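Novice: Sequence and computational prediction follow.
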Amino acid sequence: MAKGQKTRIHKTKNGRFFDYSLLFIIIFLLCFGLVMLYSTSSYTAQLKFGSGSYYLNKQIFATILGLAGMAFVIWFGYERIEKLAFPIYIASILSVLLVLTPLGYEANGARRWLNLGVTSVQPAEFVKLAVIIFLAFIISKTAGKISDWKNLVKIFALILPAVVAVAVVTENLSTAIIIMGIAFIMLFVASPKYKPFLVIAGVAVVGILAFILFGSGFRMTRIEVWKNPELYPQDGGFQVLQGLYAIGSGGIFGKGLGQSLQKMGFIPEAQNDMIFTIICEELGLFGAVCVILLFLFMLWRFMIIANNAPNLFSALLVVGVMGHIALQVILNIAVVTNTIPNTGVTLPFISYGGTSILFLLAEMGLVLSVSRGIKVQ
């Protein structure tokens with residue numbers, strides 16, 4: 001371990017590293033997310049459910065479960081999870097297929113959820129976690145041959161069932177793209193050669209474009225809304241414009257926490273993937289930059305842990321989680337600023353969504369479990 005890295009770790013009694021900095025940033029983002037969720041959703045929740053804290057209460061419940069799950073994953077250890085990589089991956093695909101059974105139900109025009117009685121879950125979120133674990137396992141077993149074309153094709157073929165299941169069964173193209181992005185990042189980091197990935201990236205772009213152009217008219221409509229949102233108010237253009245108004249009206253320091261006007265019904269479902277616009281309106285450019293810096297600090301901690309991980313499998317676990325968080329943050333901010341077409345990607349730890357919080361915290365448990373395995377020299 002390099003001398004410069006010793007100052008960035010925290011020694012425990014047993015001489016091992018535990019990243020308290022990362023734990024702090026996770027808890028801070030969760031608390032900040034709950035505050036912004038209440039501020040964003042209270043008006044809508046009062047109108048729909050008669051309680052301004054409806055969404056907040058559900059998110060708190062999911063967060064408590066997620067923190068318990070994170071603690072369990074840290075205790076269980078990434079070493080045991082490595083042995084369960086394949087069963088976890090198969091279970092994630094089966095959970096997506098269950099959407100086609102009576103357990104599945106439709107909401108907001110999409111059949112993506114499973115009704116488990118006590119609560120509902122979105123299996124696509126499980127697939128993200130399962131793919132990270134499965135790919136880390138496969139890549140670590142074929143590390144010496146990872147840059148070989150045949151091995152690259154085999155690995156992408158292995159995760160293709162999960163990608164197809166998410167894209168076709170749940171019609172969730174954005175999540176399928178994120179899964180492919182995670183795979184690309186993990187393979188890119190593990191491989192000493194870069195040229196094959198340029199070809200893969202080109203093929204992926206062509207495939208996505210073909211899926212959009214020759215798929216349903218709904219996807220083409222999203223492209224048109226992105227280009228001219230003012231011409232398609234009934235197809236999402238209104239939401240895009242109101243989100244841009246919120247961002248612009250916030251100025252440098254914002255209108256103040258709870259003072260947003262756009263959340264008063266102007267931005268539909270603002271507590272979901274459009275919550276960053278309300279952050280910009282209430283906390284201004286300053287608040288938005290602070291949120292981005294928090295995520296950058298989190299990614300930096302991931303890099304420190306990955307660089308010092310005990311083995312390749314654990315390092316790739318952290319890289320996969322890092323790629324997932326980075327992709328979702330970039331895509332969410334790009335969508336709300338209308339830089340890319342609307343993809344329905346949530347902002348990690350801040351947007352409303354119980355399933356998302358549960359599996360995000362499970363991923364954080366994996367990273368913190370890896371950090372526990374680092375020995376302090």
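Specialist: Structure's in. What do you need? Residues are numbered from 1 along each chain as shown.
Novice: and Phe72, how many residues sit next to it?
Specialist: 11 (other Cβ atoms under 10 Å). For glycine as for every other residue, the C-beta is placed from the backbone atoms N, C-alpha and C.
Novice: surely it meets Leu366?
Specialist: No: taking Cβ atoms under 8 Å as the definition, Phe72 is not a contact partner of Leu366, at 11.2 Å.
Novice: what helix or strand is the closest residue to Phe286 other than its chain neighbours on?
Specialist: Spatial nearest neighbour of Phe286, chain neighbours left out: Phe253 (5.3 Å); criterion: Cβ to Cβ, 6 or more residues apart in numbering. Using DSSP states H and E, Phe253 sits within no helix or strand.
Novice: do you know how far Phe253 is from Thr337?
Specialist: Counting by Cβ to Cβ, to the nearest Å, the separation of Phe253 from Thr337 is 19 Å.
Novice: go on, Phe188?
Specialist: 26 Å.
Novice: residues of whichever helix or strand Tyr38 is part of that come out buried?
Specialist: Assigned by DSSP H and E, Tyr38 falls within helix 20-49. Neighbour counts over helix 20-49 (16 or more other Cβ atoms under 10 Å) mark 21-23, 25-26, 29-30, 32-34, 36-45 as buried.
Novice: Just after it, pick out the following helix or strand.
Specialist: Next in sequence after helix 20-49, counting helices and strands by DSSP H and E, comes helix 54-76.
Novice: And for that following helix, what's in contact with it?
Specialist: Where contact means Cβ atoms under 8 Å, 6 or more residues apart in numbering, the residues beyond helix 54-76 that reach it are 30, 33-34, 37-38, 41-42, 44-45, 48, 51, 81, 271, 352-355, 357-358, 360-362, 364-366, 368-369, 372.
Novice: average pLDDT across it?
Specialist: Mean pLDDT, computed over helix 54-76, is 95.
Novice: what do you get for stretch 260-275?
Specialist: Computed over stretch 260-275, the average pLDDT equals 88.
Novice: what comes up buried for that stretch?
Specialist: 260, 262-263, 266-267, 270-275.
Novice: Narrow those residues to those in strands?
Specialist: Secondary structure from DSSP state E places none of the buried residues of stretch 260-275 in strands.
Novice: Could you name the helices and strands sitting against the helix holding Tyr38?
Specialist: Helix 20-49 is packed against helix 54-76, helix 275-307, helix 354-372, with contacts defined by 3 or more Cβ pairs under 8 Å, 6 or more residues apart in numbering; DSSP states H and E.
Novice: Quick check: what element follows the first one along the chain?
Specialist: If I follow you right, that is helix 54-76. Later in the chain than helix 54-76, the nearest helix or strand by DSSP H and E is helix 78-83.
Novice: Give me the buried positions along the following helix or strand past that next one.
Specialist: Using DSSP H and E, the helix or strand that directly follows helix 78-83 along the chain is helix 85-97. Buried residues in helix 85-97, counted by 16+ other Cβ under 10 Å: 85, 88-89, 92-93, 95-96.
Novice: ok now helix 85-97, how far from the chain's centre?
Specialist: Here the centre of helix 85-97 is set off from its chain's centre by 18 Å, with Cα atoms, centre = their mean, to the nearest Å.
Novice: Tell me which other helices or strands the helix or strand just after it touches.
Specialist: Scanning forward in sequence from helix 85-97 by DSSP H and E, the next helix or strand is strand 104-107. Helices and strands touching strand 104-107, by 3+ Cβ pairs under 8 Å, 6+ apart, are strand 110-115.
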